[in-house]
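**Student:** Show me how the following folds:
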Amino acid sequence: MSWTDERVELLKKMWGEGQSASQIAKELGGVTRNAVIGKVHRLGLSNRAGGGGSASTAKAEAKPKAPPKAKAEPKAQPKTEPAVKPVPETKAVVPARKQIIPAGQPLPPQPSANEISPEALAKVNEVEKKAKKISLMELTERTCKWPVGDPATDNFWFCGLPVQQGKPYCEAHVGVAFQPMSSRRDRRR
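**Tutor:** Residues are numbered from 1 along each chain as shown. Predicted coordinates for the structure are as follows:
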């Protein structure tokens, strides 16, 4: 379907009469409601913020207004200061954004809800000494996908040890990634 001049004129007429985009699409045939809305937008037609107007209001709005009558030249009056002085414009306050840390820089310490147990950290340190240190392209469904290091550097790798059944990580990294709920949260339940 293409927008021929006749179809565009019918669209303009129906839009001016206050018909909905769905009604117009149905009348035109071969177009969706969204296509009608897009065409109305591209044509720069009014958005009819007042809702579905009636045909009588659309016709009243379409009437050309009479040109204003010529007024007699006002007599020159002395200039006076306005009663209210204009308020100077102020810039809007922009909220501060989080700092973006460039690649290769260490990340600041991250707050964590659950602290990792020393036993789990010791186990991870031992495992990472034995890790296969594989690249992203070497990962499979059977290799541990735990990332180590900064991805922006050459010293970045994945663990690569065999995964625990049904998990994306090896046993040591599962112990760090999947922490049990804290005792305080347990008491609430």
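
**Student:** Phi first, then psi, for Met14.
**Tutor:** phi -70, psi -40 (degrees, to the nearest 10).

**Student:** ok, it touching Ile24?
**Tutor:** Yes. Look at Met14 against Ile24 with Cβ atoms under 8 Å: they come within range, at 4.8 Å. Every C-beta, even on glycine, is put in place using the N, C-alpha and C of the backbone.

**Student:** Please identify which of those two sits among more neighbours.
**Tutor:** Ile24 (24 against 19; other Cβ atoms under 10 Å).

**Student:** check contacts around the more buried one.
**Tutor:** Leu11, Met14, Trp15, Val36 (Cβ atoms under 8 Å, 6 or more residues apart in numbering).

**Student:** Can you add distance to Ala177, secondary structure and pLDDT and give those back as TSV?
**Tutor:** Shown next, in TSV, are those (distance: Cβ to Cβ, whole Å; DSSP: H, G, I helix; E, B strand; the rest coil; pLDDT from 0 to 100):
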residue	distance to Ala177	secondary structure	pLDDT
Leu11	57	helix	91
Met14	59	helix	92
Trp15	56	helix	91
Val36	51	helix	91
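
**Student:** Could I have the PyMOL command that selects the buried members from the residues you listed?
**Tutor:** Here is the PyMOL selection string for the buried members of these, based on 16 or more other Cβ atoms under 10 Å:
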select buried, resi 11+14+15+36
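
**Student:** want to throw the contacts of Ile24 into TSV with distance to Val124?
**Tutor:** Putting those into TSV (distance: Cβ to Cβ, whole Å) gives the following:
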residue	distance to Val124
Leu11	65
Met14	68
Trp15	65
Val36	59
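
**Student:** Which residues does whatever helix or strand Val176 lives in contact?
**Tutor:** In the assignment (DSSP states H and E), Val176 maps to helix 171-177. Contact with helix 171-177 is made by 116, 120-121, 123-124, 126-127, 144, 146, 159, 161, 164, 167, 169, as judged by Cβ under 8 Å, 6+ apart.

**Student:** Of the residues you listed, keep whichever come out buried.
**Tutor:** Buried among these by 16+ other Cβ under 10 Å: Ala120, Lys123, Val124, Val127, Cys144, Trp146, Cys159, Leu161, Gln164, Tyr169.

**Student:** Let's see which of those end up in helices.
**Tutor:** Among the buried ones among the contacts of helix 171-177, DSSP state H puts Ala120, Lys123, Val124, Val127 in helices.

**Student:** Make JSON lines from the residues you listed and add distance to Ile134 and pLDDT to it.
**Tutor:** Shown next, in JSON lines, are those (distance: Cβ to Cβ, whole Å; pLDDT from 0 to 100):
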{"residue": "Ala120", "distance to Ile134": "22", "pLDDT": "73"}
{"residue": "Lys123", "distance to Ile134": "20", "pLDDT": "79"}
{"residue": "Val124", "distance to Ile134": "17", "pLDDT": "78"}
{"residue": "Val127", "distance to Ile134": "14", "pLDDT": "82"}
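
**Student:** All set now, cheers.
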